[in-house]
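In: With the input below, show me the fold.
(2 chains)
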2 protein chains.
Amino acid sequence: MSTIEKVLTRIDAGLDEASGRLIDWLKIPSISTDSRYADDMRRAAAWLVEDLKTLGFEAEPRETGGHPVVYARSPSRPGKKRVLFYGHYDVQPVDPLSAWKNPPFEAKIATLPDGRQAFLGRGSSDDKGQTRTFLEALRAFKAETGEFPVDVTVLVEGAEEDGSKFLPEYVEAHKDELAADVALVCDTGRWNEDTPCITTSLRGLLYTEIVVHCANRDLHSGHYGGSAQNPIHVLARIIADLHDDNGAVTIPHFYDGVPETPPDILEQWKRIGMTPESYLGPIGLKYPSGEKDRMLIELMQSRPCCDANGIIGGYTGEGTKTVIAAEARAKVSMRLVGDQDPEKIAANFEAFIRERIPADCSYELIVHKGSRAVALPYDMPELALAREALKEEWTREPVVIGIGGSIGIIGSFRYVLGLNVLLVGWALEDDCIHSPNEKYDVRSFHKGMRSWARILERLGG
Amino acid sequence: MSTIEKVLTRIDAGLDEASGRLIDWLKIPSISTDSRYADDMRRAAAWLVEDLKTLGFEAEPRETGGHPVVYARSPSRPGKKRVLFYGHYDVQPVDPLSAWKNPPFEAKIATLPDGRQAFLGRGSSDDKGQTRTFLEALRAFKAETGEFPVDVTVLVEGAEEDGSKFLPEYVEAHKDELAADVALVCDTGRWNEDTPCITTSLRGLLYTEIVVHCANRDLHSGHYGGSAQNPIHVLARIIADLHDDNGAVTIPHFYDGVPETPPDILEQWKRIGMTPESYLGPIGLKYPSGEKDRMLIELMQSRPCCDANGIIGGYTGEGTKTVIAAEARAKVSMRLVGDQDPEKIAANFEAFIRERIPADCSYELIVHKGSRAVALPYDMPELALAREALKEEWTREPVVIGIGGSIGIIGSFRYVLGLNVLLVGWALEDDCIHSPNEKYDVRSFHKGMRSWARILERLGG
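Out: This next block holds a predicted model:
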C-alpha cells in the first residue's frame, strides 16, 4: 500500500472522530459582525489554537485590531515547499432565528429528506467545516508518516464575514513570516454533487451604508404628510435609480475597467449548459434579474452587480403607526470584476446619492469595505497538480471557473505576498451559507479531507 | 360671582390635584398596537372607569373585539341637551426608546428649556392629557353645582392609534345608547401658543402594508447578485414610482373625488400667512415636498397625500452581511380628502403594485385601515357657541380650519349617529405626538379645562 493509500485509509477510519471535533467547534457562536459575540469569538480562536497544538504546531492567537487571527507555522525543512493555508473561524449572523429548524449553534449530524447525511449548524459549511477538511488531512499524514508532506503555515481569521477589515494590514505587517510557495484556500464549492471545482477568479466587493436624514424628529404623518420630506421616499428613489430597464447599473463610470470575456472562454461557458431553471429553480425563481444581454453564467462570475442588502426606516412593528421617519438607512453593496476600482466607484456612488438628496435633507455614506477583484493565471503549476489530484479522487475532470463571491484577503495574498492561490472547496449550492439552516454534507467533509490529502501529496513532490 | 366664574376658580385651585391624576394615568403604558401591552391596556381602561365613578357616573369597560372602550352615561334630565364626549386612552408605540430624555412611562412635570412647564410622557398630549381637560371641567361643575350643565355620555376608546378597528362596528351596534345632540372631541390642537382652533374637516386614512416575496430563502449576494431578483429593489421601485416629479401621487384615479377649495376659503388661508419657514423650520426642513403648485396650507389640509411609514428588509444589524433577502415589506398610507374612496384606491393601488412585481416574484397587500375624509357644516350652531366661549377664554378669535390628520371614528359619529361634531383641543405643534419626548404644556392642560367649562356652560344654555 502506498503512503497516500495508507493516509486515505486513516482518513476513512477517523471520520467519526474528525466529525466530533467539527461539531465541538460549531457549537461556539463566533459571529464576527455582532459585538455581543466578542467573547465567543475569542473562545472559537482558542479552541482552534488547542487543536493545532495536537497536530504538533506552535500555534497562537494574534491581535489584529479586531478579532484575533489564529497563526501557526511548522518548522522549515530543507528542500520542502511551504504552503500558506487560509480559512476563517467566524460565521454569519443567524437572523431570522425563527427560520432555523435546528438551532444554529446546537450542531449535529442529521439525515436530510433525500437521505444525505449532513452537519447542521451555522458555519458547518462556511467556513469551519471546510477549514477542518484541510487540517484533518494534515492530521492523517502526521499520524501515518510522522510529518507533513509540505511545510505549513496556517492563518485562520475571524473577520471574513465582516469584510476582513484588519487582515490586509496584518498581512502587510507580517509579510516575512507569511512567505510561502503557494496559498491554499478552502472557502469555495463543488460544481455539483459529483464534480469538483477550482476557482481562478473572484469578484471584488464594495460594501456601503447610506443614511438619509430629513426632519429633525419623527413626524405625525397626518400633520406633515404632503409637506415634509420622507427619507424612505428619498432612499427608495436612490435604490430604484441604481438599475436601468436593461438591468445594468447606472452609477456613472461603474463599468470602467470591466473586461470583455474572451470568446473561447465564453464558448466553454456555453458548453457548461447552466440554465435559469437549473440555477434559479431551486431558489424558487425563473428569470435572471441582471443585464438582459448576458448569459446567466456571465452575470454570476464575470459581470459586476449592485444589490441592496438591507433597508430599514420608520415603523416596522406590528400594526400601524402614522409616522414620517426622521431617517432611513440601507446597506448597498457592489460585486466588482476586472480592474474596477472600489475607491473611484465609492466616489461616483456618493455623487449619485448627493444628486438625489432634497435640498433641505442630508445623507451619510459609510464605506464598510472595498476590495478589488482577483484573477489568477490559468498556467500556474499548482493548478495542474490540483486538477490531477481532484480527478483521481472524484474520477471526474474538475471545472475551472470564476466565482461571483468575494474573499477579501485573496488580493493581499496575490499582490502583497506575491503568491499563486489555489482555491478549492467542497461546499454545495444547497448548503444555505448566509441563510438559515446552513448545512455541510458529511460526504463533502469526508471527500474534502481525502482531496486535500491527494493535493498535499502532489505538492510535496 | 357667576356660576362659571366659581367653576373656573375651582379649576384654578384644583390644578395640582388634576395634574396628579393625569400623571397616574400616564404611567400605565397603554400601547394598543403591540400585543405585549394587552394587560396594560386593560389597566388603563380600569383606571378610567374608577375615575369616572368619582364623578358620579355609572361607568364600565365594554368589549369590542379588540381593546375595551370605556363607557359612561349620566342620567337624562328633562330639557337638557346631551353631549357625547370622545377621547382615547391608548397611546403610540415609543420606539426608538433611546431617543427619550425622560422614560416615556415615568411621567412627570418638568420645566422646558424656554421656561414652560410641561407634562412629559407618552400620551401626555395624545390623548390622555386632552381627554382629562374635559373630564376635569366636568368635575369642577359637579363640585360647584352638584350637577353637570348638560347630560353627558362618555366614550373613550383604546384603539385610536391602531385605526379604531372595532369602533365603527361598536357605534353601529350601540346607536341608541350613544344618541346625543352633539359630539365633543378633544384630540386636536391650538393654532399657536395664543390662538385657539376649531377643526371642521379631517383627512381620511388608507393604511396598507406591502410584502414582496422573491427567492424562497435568503441568498448569498456574491453567488446570486446580478442573477436573482432582490425584493428591496422591487419595493424601492414601487415606492419611488408613487410620486411624479411635481410631487403628485401617481396611483391611477387617486385624485377622483378630490374637490377644489372654493376661492374665498383659499383667500382666507392666504391671509393666515402660513409659510414653509414657520411650519417646516421647527422640524429642520425648508421646502414643502408635495404638489409644487399648491400652497403649504392646502397640502396640509385640503390635498391628499401618500407616505411610506416604514420599511424593512434584509440585514439591518451592525456591520455587513452579504445577503439578498427573500422578502421585504413596507407600510404605506394615504391621507384622503373630499369624496376619495379608500376601497377604490386600495384596488387601484394593488394594480399599481402588481404591474411592478417581476414575473417570478409575488406580493401581498394588507389593508390595515380605510376611512373616508369628514367635512362638518360651517353653520352648525355648536360652532358659533364654541367660538364665543374660546374667544372669551383666550381673548383671541379662534381659527377655524381643516386638519391633515385623521380621527377614524368621526365619520361614524357624523354618518351613523347623525351628529354634528365639535373638535377642539389644546395640543401644540411641538408636543412631539407620535415621536419621542412627547409633552403637554401645563398651560394647555389648565386653559383647556377652563375652555371646556366655558363651552359646556354655553351648551347648557
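In: wouldn't A:Lys321 be in contact with B:Ser435 here?
Out: No: A:Lys321 is beyond contact range of B:Ser435, at 10.7 Å (criterion: Cβ atoms under 8 Å). All C-beta atoms are positioned from the backbone trio N, CA, C, and that covers glycine.
In: okay, these two: which has more neighbours?
Out: Remark: of A:Lys321 and B:Ser435, A:Lys321 carries more neighbours, 25 against 22, as counted by other Cβ atoms under 10 Å in any protein chain shown.
In: Next, work out how far apart the more buried one and chain B are.
Out: The spacing between A:Lys321 and chain B, counted by Cβ to the nearest Cβ, to the nearest Å, is 6 Å.
In: Which of the three states applies to that residue?
Out: Classification of A:Lys321 using DSSP: H, G, I helix; E, B strand; the rest coil returns coil.
In: quick one: contacts for the nearest residue to A:Gly158 once chain neighbours are set aside?
Out: Distances taken as Cβ to Cβ, 6 or more residues apart in numbering or on different chains put A:His67 closest to A:Gly158, at 3.4 Å, once the chain neighbours are dropped. For A:His67, the contact set (Cβ atoms under 8 Å, 6 or more residues apart in numbering or on different chains) comprises A:32, A:38, A:41-42, A:45, A:90, A:157-159.
In: Apply 10 Å and report the result again.
Out: A:His67 sits next to A:30, A:32, A:37-38, A:41-42, A:44-45, A:61, A:88-90, A:157-160, A:162, A:165-167 when contact means Cβ atoms under 10 Å, 6 or more residues apart in numbering or on different chains.
In: ok so, going back, what's the overlap in contacts for A:Lys321 and B:Ser435?
Out: What both A:Lys321 and B:Ser435 touch, as defined by Cβ under 10 Å, 6+ apart, is the set A:218, A:220, B:92.
In: what sits against the closest residue to the first one other than its chain neighbours?
Out: The spatially closest residue to A:Asp218, leaving aside those adjacent along the chain, is B:Ser435, at 4.3 Å (Cβ to Cβ, 6+ apart). For B:Ser435, the contact set (Cβ under 10 Å, 6+ apart) comprises A:215, A:217-220, A:323-324, A:326, B:92, B:94, B:96, B:99-100, B:122, B:283.
In: what's the distance between A:Lys331 and B:Val323?
Out: Distance, A:Lys331 to B:Val323, using Cβ to Cβ, to the nearest Å: 9 Å.
In: tell me, what's touching those two both at once?
Out: Residues touching both A:Lys331 and B:Val323 (Cβ under 10 Å, 6+ apart): A:307, A:309-310, B:221, B:314-315.
In: Most neighbours among the residues you listed, which one?
Out: Result: B:Ser221 is most packed of the shared contacts of A:Lys331 and B:Val323 (other Cβ under 10 Å), 32 neighbours.
In: quick one on the thing from earlier: just the ones in helices from the shared contacts of A:Lys331 and B:Val323, please.
Out: If you go by DSSP state H, the shared contacts of A:Lys331 and B:Val323 have B:Ser221 in helices.
In: May I have the helix or strand hosting A:Lys142 exported as CSV, CA atoms only?
Out: Here A:Lys142 sits within helix A:128-145, counting by DSSP states H and E. Written as CSV, here are the backbone C-alpha positions of helix A:128-145 (Å, rounded to 0.1, in the frame of the first residue of the first chain):
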residue,chain,number,x,y,z
LYS,A,128,-15.5,25.9,9.8
GLY,A,129,-16.3,22.6,8.1
GLN,A,130,-14.2,23.5,5.1
THR,A,131,-11.3,24.7,7.2
ARG,A,132,-11.3,21.4,9.0
THR,A,133,-11.1,19.3,5.8
PHE,A,134,-7.6,20.7,5.4
LEU,A,135,-6.5,20.3,9.0
GLU,A,136,-7.8,16.8,9.3
ALA,A,137,-5.9,15.8,6.1
LEU,A,138,-2.7,17.1,7.8
ARG,A,139,-3.6,15.0,10.9
ALA,A,140,-3.8,11.8,8.9
PHE,A,141,-0.4,12.5,7.3
LYS,A,142,1.1,13.2,10.7
ALA,A,143,-0.3,10.1,12.2
GLU,A,144,0.8,7.9,9.3
THR,A,145,4.2,9.3,8.5
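In: what's the next secondary structure element after it?
Out: strand A:151-157.
In: Relative to that following strand, what are the paired strands and their orientations?
Out: Using DSSP bridges, strand A:151-157 pairs in its sheet with strand A:69-73 (antiparallel), strand A:82-88 (parallel).
In: Could you list the buried residues of the helix or strand following the last one?
Out: Beyond strand A:82-88 in the direction of the C-terminus, DSSP H and E gives the next helix or strand as strand A:108-111. Counting neighbours by 16 or more other Cβ atoms under 10 Å in any protein chain shown, one finds that the buried residues in strand A:108-111 are A:Ile109.
In: so for whatever helix or strand comes next after strand A:108-111, what's the average pLDDT?
Out: Using DSSP H and E, the helix or strand that directly follows strand A:108-111 along the chain is strand A:117-120. Averaged over strand A:117-120, pLDDT sits at 98.
In: Which positions in strand A:117-120 come out as buried?
Out: A:118-120.
In: quick one: it to chain centroid distance?
Out: From the chain centre to the centre of strand A:117-120 is a distance of 20 Å (Cα atoms, centre = their mean, to the nearest Å).
In: How about stretch A:23-31?
Out: So, by Cα atoms, centre = their mean, the centroid of stretch A:23-31 is 18 Å from its chain's centroid.
In: thinking again about what came up before, closest to chain B among the buried residues of strand A:117-120?
Out: Of all these, A:Leu120 has the smallest distance to chain B: 15.2 Å, by Cβ to the nearest Cβ.
In: contacting residues for that closest one?
Out: Shown in contact with A:Leu120 (Cβ under 10 Å, 6+ apart): A:23, A:26, A:100-104, A:106-110, A:112, A:432, A:437-440.
In: Might one say that A:Lys331 is in contact with A:Leu365?
Out: No: taking contacts as Cβ atoms under 10 Å, A:Lys331 lies outside contact range of A:Leu365: 11.3 Å.
In: Overlap in contacts, these two.
Out: Counting by Cβ under 10 Å, 6+ apart, the shared contacts of A:Lys331 and A:Leu365 are A:208-210.
In: same for chain B: which of the residues you listed are within range?
Out: Residues of the shared contacts of A:Lys331 and A:Leu365 in contact with chain B (Cβ under 10 Å from any Cβ of the partner chain): A:208-209.
In: just curious, which of the shared contacts of A:Lys331 and A:Leu365 is nearest to chain B?
Out: Relative to chain B, and with distances defined as Cβ to the nearest Cβ, the nearest of the shared contacts of A:Lys331 and A:Leu365 is A:Glu209, at 8.2 Å.
In: pretty sure that closest one belongs to a strand, no?
Out: Yes: the assignment for A:Glu209 is a strand, going by three-state DSSP.
In: Once you drop chain neighbours, what's closest to it?
Out: Nearest in space to A:Glu209, with sequence neighbours left out and distances taken as Cβ to Cβ, 6+ apart, is A:Ile366 at 4.2 Å.
In: Let me know the helix or strand that the one you found is in.
Out: Going by DSSP H and E, A:Ile366 is part of strand A:362-371.
In: Can you list the strands that that strand pairs with?
Out: Strand A:362-371 pairs in its sheet with strand A:204-213 (antiparallel), by DSSP bridges.
In: Name the residues of the strand it pairs with that come out as buried.
Out: Burial within strand A:204-213, assessed by neighbour count using 16+ other Cβ under 10 Å, is assigned to A:204-213.
In: Pull the most distant pair out of these.
Out: Farthest-apart pair in the buried residues of strand A:204-213 is A:Gly204 and A:His213; separation 29.7 Å (Cβ to Cβ).
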